[in-house]
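Novice: heads up, no residue letters with this:
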């Protein structure tokens, strides 16, 4: 995305997410975060997509990848509870 207008970049991320294109959505939100690193809405949207990617990875048996994606989500947005929840579920299932 060759643009520095955060709302436009986020709209692209939303469209990608709605189409199930999670990698592309994460890339769009990552770009938005580069432009506006302190934007809480952008950080939460990126964390949500990373959590979705983690859940998708987990569902295919890629447990380590899922855990890494949940951790990335938490790093981007420490207050994003679903990432913590999903990490906890993954930990409990691994035992």
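Specialist: Alright, I've got the coordinates. Note that this is a predicted model, so its numbers are computed, not measured.
Novice: can you pull out the low-pLDDT segments for this protein?
Specialist: The model of the chain has pLDDT under 70 over residues 1-2, 95.
Novice: which stretches in it count as helices?
Specialist: Applying DSSP state H to the chain gives helices spanning 6-18, 22-35, 40-59, 63-76, 81-94.
Novice: how about a markdown table for the ones you listed, with mean neighbour count added?
Specialist: (C-beta placed from N, C-alpha, C; glycine too.) As requested, these are exported to a markdown table (neighbours: other CB atoms under 10 Å):
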| stretch | mean neighbour count |
| --- | --- |
| helix 6-18 | 17 |
| helix 22-35 | 20 |
| helix 40-59 | 21 |
| helix 63-76 | 19 |
| helix 81-94 | 14 |
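Novice: now residue 13: how far from residue 61?
Specialist: 27 Å (CB to CB, to the nearest Å).
Novice: hmm, I typed the wrong one, I wanted residue 88.
Specialist: Taking CB to CB, one finds residue 88 at 19 Å from residue 61.
Novice: what does residue 67 give?
Specialist: On the measure of CB to CB, residue 67 and residue 61 end up 13 Å apart.
Novice: quick check, central residue of the chain?
Specialist: residue 50 (2.2 Å; CA atoms, centre = their mean).
Novice: that one: what's its closest spatial neighbour, skipping adjacent residues?
Specialist: residue 73 (3.9 Å; CB to CB, 6 or more residues apart in numbering).
Novice: next: residue 9.
Specialist: Excluding the flanking residues, the one nearest residue 9 by CB to CB, 6+ apart is residue 32, at 4.2 Å.
Novice: show me what contacts the one you found?
Specialist: With contacts defined as CB atoms under 8 Å, 6 or more residues apart in numbering, residue 32 is in contact with 6, 9-10, 13, 39, 42, 45-46.
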